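>>> Kindly return the folded structure for what I paste below:
(one chain, ligands or ions: 2)
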Amino acid sequence: MAMCSTQLNSQFLSFFPAKPRFFVSIKATSASTPKDDDIPASIGFLGLGIMGTPMAQNLIKAGRDVTVWNRTKSKCEPLISLGAKYKSSPEEVAASCDVTFAMLADPESALDVACGKYGAAKGMSPGKGYVDVSTVDGETSKLICEQIRATGAHFLEAPVSGSKKPAEDGQLIFLTAGDEVLYEKVASLLDIMGKSRFYLGEVGNGAAMKLVVNMVMGSMMASFSEGLVLSEKVGLDPSVLVEVISQGAISAPMYALKGPSMVKSSYPTAFPLKHQQKDLRLALGLAESVSQPIPIAAATNELYKVAKSHGLSDQDFSAVIEALKVKLQQ
Ligand SMILES: NC(=O)C1=CN([C@@H]2O[C@H](COP(=O)(O)OP(=O)(O)OC[C@H]3O[C@@H](n4cnc5c(N)ncnc54)[C@H](OP(=O)(O)O)[C@@H]3O)[C@@H](O)[C@H]2O)C=CC1
Ligand SMILES: O=CC(=O)O
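Ligands and ions are numbered 1, 2, ... in the order given. So this is what the prediction gives:
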């Protein structure tokens, strides 16, 4: 039903009209877009890596008042050139902004930037909001939420589906959960950075949705990689396999996008392999928490670990194919 409604391109979809538990909004909604007065005037952005940089850039280009911080300060320079302000700690950013976004590498860095010594929580107070768009596990998200809410501020987890190019194009998919009042308040900002946003209820649900999606993505990429190396080993042209797959029922934008460069053993980084392995590891933890077997994801995780051990952590996650080539040579 949800998909049908989305395909009908409703402006605002509520699956449980009487008592909404989760809903999806497509860009440029009217029903959930706050009045101008409610839109945060000043926005903080912590974490300017592959994703954070274009996301913050889009906010600046849309005319928003943005203050940035990044552990490696040099990555702030291009944004400062575009008009961003700079503060020297997450605490100072949070103290000077109405709403602060964070796009960090993993649970450890997300926790440290939010709750560490000069962390964002120290700068939070009633009326402010913290939106964590990093991919972390639900437990980490709940810990951050507790610390933020303890200051009287609101918290929203909002991991994103979509990679470097969707981030540049403002086409991300936000998987949000937490304080609905904050979700409403930042809706227009999410719409600058993304093409759709899901509100999924309690903190942990956004993280869980993101981990499930990336578990599927990691396995799809591993399976595709096996297909490419096997086709070549039996004398087929892997480029033709990419074309055959693109025309059939298992076609996927990801295969069409990554396939041609994988055939050339080229892996320009959009989604670092180390982050895909982190997401598989976290998905395994999620499955463990409810005693759900996910054997394909478990095997896939091992393959990404092999790829990491071969120095491919910072390559694109499609470089996982190299782990299969290494095995074949042994
Ligand atoms: N790339 C992608 O396609 C997508 C990524 N994601 C998720 O988004 C998040 C960010 O990804 P991405 O931008 O690609 O990652 P990057 O590795 O490019 O950037 C990571 C960011 O985290 C910061 N960071 C890392 N460790 C610490 C620390 N200990 N303390 C403070 N800051 C730290 C880095 O700072 P510094 O510059 O100093 O290293 C950098 O700003 C990850 O959770 C990832 O899984 C989600 C969707 C797509
Ligand atoms: O997390 C990665 C993505 O492409 O989404």
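>>> which residues does the closest residue to Leu282 other than its chain neighbours contact?
Among residues not flanking Leu282 along the chain, Asp137 sits closest, at 4.5 Å (Cβ to Cβ, 6 or more residues apart in numbering). Just so you know, the C-beta spots here come from the backbone N, C-alpha and C atoms, and that holds for glycine as well. Counting by Cβ atoms under 8 Å, 6 or more residues apart in numbering, Asp137 touches 107, 207, 211, 282, 285-286.
>>> Identify those among these that sit within helices.
Counted as lying in helices by DSSP state H, out of those, are 107, 207, 211, 282, 285-286.
>>> separation between the residue in the stretch 51-200 of the chain positioned nearest to ligand 2 and Lys325?
Nearest to ligand 2 in the stretch 51-200 of the chain, going by Cβ to the nearest ligand atom, is Ser163, at a distance of 3.8 Å. Distance, Ser163 to Lys325, using Cβ to Cβ, to the nearest Å: 24 Å.
>>> For the two, work out which one has more neighbours and name it.
Set side by side, Ser163 and Lys325 show more neighbours around Ser163, with 20 against 15, by other Cβ atoms under 10 Å.
>>> For Glu288, grab the count of nearby residues.
By other Cβ under 10 Å, the residues close to Glu288 number 11.
>>> Distance check, it against ligand 1.
Shown here: Glu288 relative to ligand 1, a distance of 20 Å by Cβ to the nearest ligand atom, to the nearest Å.
>>> Which single residue of this structure ends up nearest ligand 1?
Gly49 (1.9 Å).
>>> does that residue count as helix, strand or coil?
coil (DSSP: H, G, I helix; E, B strand; the rest coil).
>>> from here on, count from 16
Right, with 16 as the first residue, what we last looked at is Gly64.
>>> Look up phi and psi at the residue of the stretch 66-215 of the chain closest to ligand 2.
Per-residue torsions, Ser178: phi -110, psi -150 (degrees, to the nearest 10).
>>> give me every residue that touches Asp121.
Contacts of Asp121 (Cβ under 8 Å, 6+ apart): 149-151, 290, 293.
>>> which of these come close to ligand 1?
Checking these against ligand 1 by Cβ under 6 Å from any ligand atom, the ones in range are 149-150, 290.
>>> Up against ligand 1, what does the chain have?
Contacts of the chain with ligand 1, taken as Cβ under 6 Å from any ligand atom, map to 62-67, 85-87, 90, 118-121, 124, 127-128, 149-150, 175, 178-179, 285-287, 290.
>>> if you set the cut-off to 5 Å instead, what comes out?
Contact residues, the chain versus ligand 1 (Cβ under 5 Å from any ligand atom): 62, 64-66, 86-87, 119-120, 124, 149-150, 178, 286, 290.
>>> which of the residues you listed lies closest to Met232?
Phe286 (8.7 Å; Cβ to Cβ).
>>> residues near that closest one, how many?
Neighbours around Phe286, by other Cβ under 10 Å: 22.
>>> didn't it look like it was pressed against Ser178?
Yes: Phe286 lies in contact with Ser178 (Cβ atoms under 8 Å); the separation is 4.9 Å.
>>> list the buried ones in stretch 164-181?
164, 166, 168-179, 181 (16 or more other Cβ atoms under 10 Å).
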